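Chemist: My questions concern the predicted model and sequence given below.
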Amino acid sequence: MLFGKPYYLWKEEKERREGGHRPLSVRADINQDDAEVVHAPEQTPKPSGGGHGHGDGPLDMADVMVYQAIHTIEFVLGCVSHTASYLRLWALSLAHAQLSDVLWTMVFRNAFVMDGYAGAVATYVLFFIFGSLSVFILVLMEGLSAFLHALRLHWVEFQSKFYGGLGYEFAPFSFEKILAEEREAEENL
């Protein structure tokens with residue numbers, strides 16, 4: 001990631017300067033953060049804002065290396081940050097296990113200390129308390145907490161892998177809009 005693109009751009013620039021000619025090449029042009037593969041003849045000029053950020057000018061390896069270093073650092077920090085965020089769900093599962101152990105130890109295990117009819121009644125009553133606390137604390141409260149954490153993680157970390165925030169207006173998919181554009185195109189013919 002850090003050296004692959006600079007090497008490729010350097011090699012492509014070297015071939016272009018030496019007059020090397022290939023009939024058709026695949027060139028990766030990076031415009032801001034969007035990567036697209038362009039199939040084009042080698043003789044066509046690079047589009048403005050192409051691979052190294054200067055358009056048709058000569059390749060400046062210092063700019064390319066700085067650009068790649070910045071994006072490599074951002075990528076690595078993002079990976080570490082996302083992993084640490086997902087570890088919160090693991091921590092919630094550990095807290096759930098500890099809380100269920102506390103409920104067992106502090107509530108229901110006391111029912112097994114007594115013998116006879118008192119022990120049977122205590123088991124029945126303490127099981128009801130243990131079951132109610134388990135449902136309300138472990139299932140509802142911790143389930144809601146885990147759900148909210150997972151929802152936040154999907155919204156913040158997972159969505160950031162696909163959304164660049166480059167300033168393009170959001171256009172939701174719409175069959176009505178597509179059909180209207182087709183009707184308009186047919187009318188113009």
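Modeler: Sure thing, it's come through. Numbering: from 1, shown residues only.
Chemist: buried ones in the helix or strand encompassing residue 122?
Modeler: Using DSSP states H and E, residue 122 sits within helix 116-133. By 16 or more other CB atoms under 10 Å, the buried positions in helix 116-133 come out as 122-123, 126, 130, 133. For glycine as for every other residue, the C-beta is placed from the backbone atoms N, C-alpha and C.
Chemist: can you give me the helices in the protein?
Modeler: 4-18, 61-106, 116-133, 142-153, 175-188 (DSSP state H).
Chemist: which of the residues in the shortest one are buried?
Modeler: What that stands for is helix 142-153. Here helix 142-153 shows 142, 146, 149, 153 as buried, counting by 16+ other CB under 10 Å.
Chemist: quick one: which of these is nearest residue 84?
Modeler: For those, the residue nearest residue 84 by CB to CB is residue 153; the value is 10.8 Å.
Chemist: Who are the contact partners of that closest one?
Modeler: By CB atoms under 8 Å, 6 or more residues apart in numbering, the residues touching residue 153 are 85-86, 88-89.
Chemist: Nearest to residue 59, out of those residues: which one, please.
Modeler: residue 85 (37.8 Å).
Chemist: List the contacts of residue 58.
Modeler: Applying CB under 8 Å, 6+ apart, the residues near residue 58 are residue 13.
Chemist: Just the pLDDT at it, thanks.
Modeler: Listed pLDDT for residue 58 reads 76.
Chemist: same thing with residue 178?
Modeler: Listed pLDDT for residue 178 reads 92.
Chemist: Just send the buried residues of helix 142-153 back as JSON lines, with distance to residue 110 and pLDDT too.
Modeler: JSON lines is the format used below for the buried residues of helix 142-153 (distance: CB to CB, whole Å; pLDDT from 0 to 100):
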{"residue": "142", "distance to residue 110": "23", "pLDDT": "83"}
{"residue": "146", "distance to residue 110": "29", "pLDDT": "82"}
{"residue": "149", "distance to residue 110": "33", "pLDDT": "84"}
{"residue": "153", "distance to residue 110": "38", "pLDDT": "82"}
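Chemist: can you list those residues in TSV and add distance to residue 106?
Modeler: Output for the buried residues of helix 142-153, formatted as TSV (distance: CB to CB, whole Å):
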residue	distance to residue 106
142	17
146	23
149	26
153	32
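Chemist: and the two most separated of those?
Modeler: Largest separation among those by CB to CB: 142 and 153, giving 16.1 Å.
Chemist: Buried deepest among the helices of the chain, which one?
Modeler: helix 4-18 (a mean of 15; mean count of other CB atoms under 10 Å).
Chemist: CA atoms only for that helix, dumped as CSV, please.
Modeler: Only the C-alpha atoms of helix 4-18 are listed here, as CSV (Å, rounded to 0.1, in the frame of the first residue of the first chain):
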residue,chain,number,x,y,z
GLY,A,4,3.0,-0.3,-4.5
LYS,A,5,1.3,2.7,-6.1
PRO,A,6,4.4,5.0,-6.1
TYR,A,7,6.4,2.2,-7.8
TYR,A,8,3.7,1.6,-10.4
LEU,A,9,3.4,5.4,-11.1
TRP,A,10,7.2,5.7,-11.3
LYS,A,11,7.4,2.7,-13.7
GLU,A,12,4.5,4.1,-15.8
GLU,A,13,6.1,7.5,-16.0
LYS,A,14,9.5,6.0,-16.9
GLU,A,15,7.9,4.0,-19.8
ARG,A,16,6.1,7.1,-21.0
ARG,A,17,9.3,9.1,-21.0
GLU,A,18,11.2,6.4,-22.8
